[in-house]
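Student: Quick check, what structure comes out for this input:
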Amino acid sequence: MCAVKKDPKPGYIWSLLHNKCARCRSGDMFQTKNAYRLKHFMKMYDRCPVCDQRMEIEVGFYYGTGYVSYALTVALSVTTFVAWWVLIGMSVNDNRFFWWLGLNITLLVVLQPYLMRLSRAIWLSFFVRYNANWQAEKAEHPEYDMKIQ
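Tutor: From the prediction side, this is the model:
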């Protein structure tokens, strides 16, 4: 007996962290995998190379990623603050708060290219749902398919 193993559904968090298409969770969103090639790090495919899902659903679609990016940076800052407080502590008698502030600013600057890409992946996943049957069903593009008369 040999059971045919079906490809498992790719995980949501994994696909976000690896900047994969929201519809098929296997195609890359960005043309370069390295977020730190600063000349090309935000260049996206027009359509997913795997499932043909449009990456920019409408004109100006990614303006909302500023809110997602803000939430990510606040969450990261709160996390580093709590970790610093638990591991090192805070005091008004020395400069530990300013050391944390410097570390946090450095961390945010270094992670900014990755956070910008991650916010785009999260934003797209809000509007495009995973489709387990993406190979058989064609991607819909209603805004781009309308003809001007």
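
Student: Low-confidence stretches in the chain?
Tutor: Residues of the chain meeting the criterion pLDDT under 70: 1-7, 140-149.

Student: residue closest to the middle of it?
Tutor: residue 118 (2.1 Å; CA atoms, centre = their mean).

Student: so that residue, which of the three states?
Tutor: Secondary structure state of residue 118, per DSSP: H, G, I helix; E, B strand; the rest coil, is helix.

Student: Contact partners for it?
Tutor: Residues counted as contacts of residue 118 (CB atoms under 8 Å, 6 or more residues apart in numbering) are 16, 17, 19, 72. In short, each C-beta sits where N, CA and C put it, glycine included.

Student: Then residue 43?
Tutor: Contact partners of residue 43, counting by CB under 8 Å, 6+ apart, are 30, 31, 32.

Student: most neighbours, which of those?
Tutor: residue 30 (20 neighbours; other CB atoms under 10 Å).

Student: in the sheet, who's paired with that one?
Tutor: With DSSP bridges as the criterion, residue 30 is bridged to residue 44.

Student: Report the contact partners of it.
Tutor: Residue 30 neighbours (CB under 8 Å, 6+ apart): 19, 41, 42, 43, 44, 45, 117.

Student: Please apply the same query to residue 108.
Tutor: Per CB under 8 Å, 6+ apart, neighbours of residue 108: 73, 76, 77, 115.

Student: wait, which of those is closest to residue 98?
Tutor: Closest to residue 98 out of the contacts of residue 108 is residue 77 (14.5 Å), distances taken as CB to CB.

Student: State the distance from that closest one to residue 108.
Tutor: As judged by CB to CB, to the nearest Å, residue 77 and residue 108 stand 7 Å apart.

Student: Quickly list what's touching both of these two.
Tutor: Joint contacts of residue 77 and residue 108 (CB under 8 Å, 6+ apart) do not exist.

Student: excluding its backbone neighbours, what's nearest residue 104?
Tutor: Using CB to CB, 6 or more residues apart in numbering and skipping the chain neighbours, the partner closest in space to residue 104 is residue 80 (5.1 Å).

Student: what do you get for residue 91?
Tutor: Distance criterion CB to CB, 6+ apart; nearest residue to residue 91, sequence neighbours excluded, is residue 97 at 8.0 Å.
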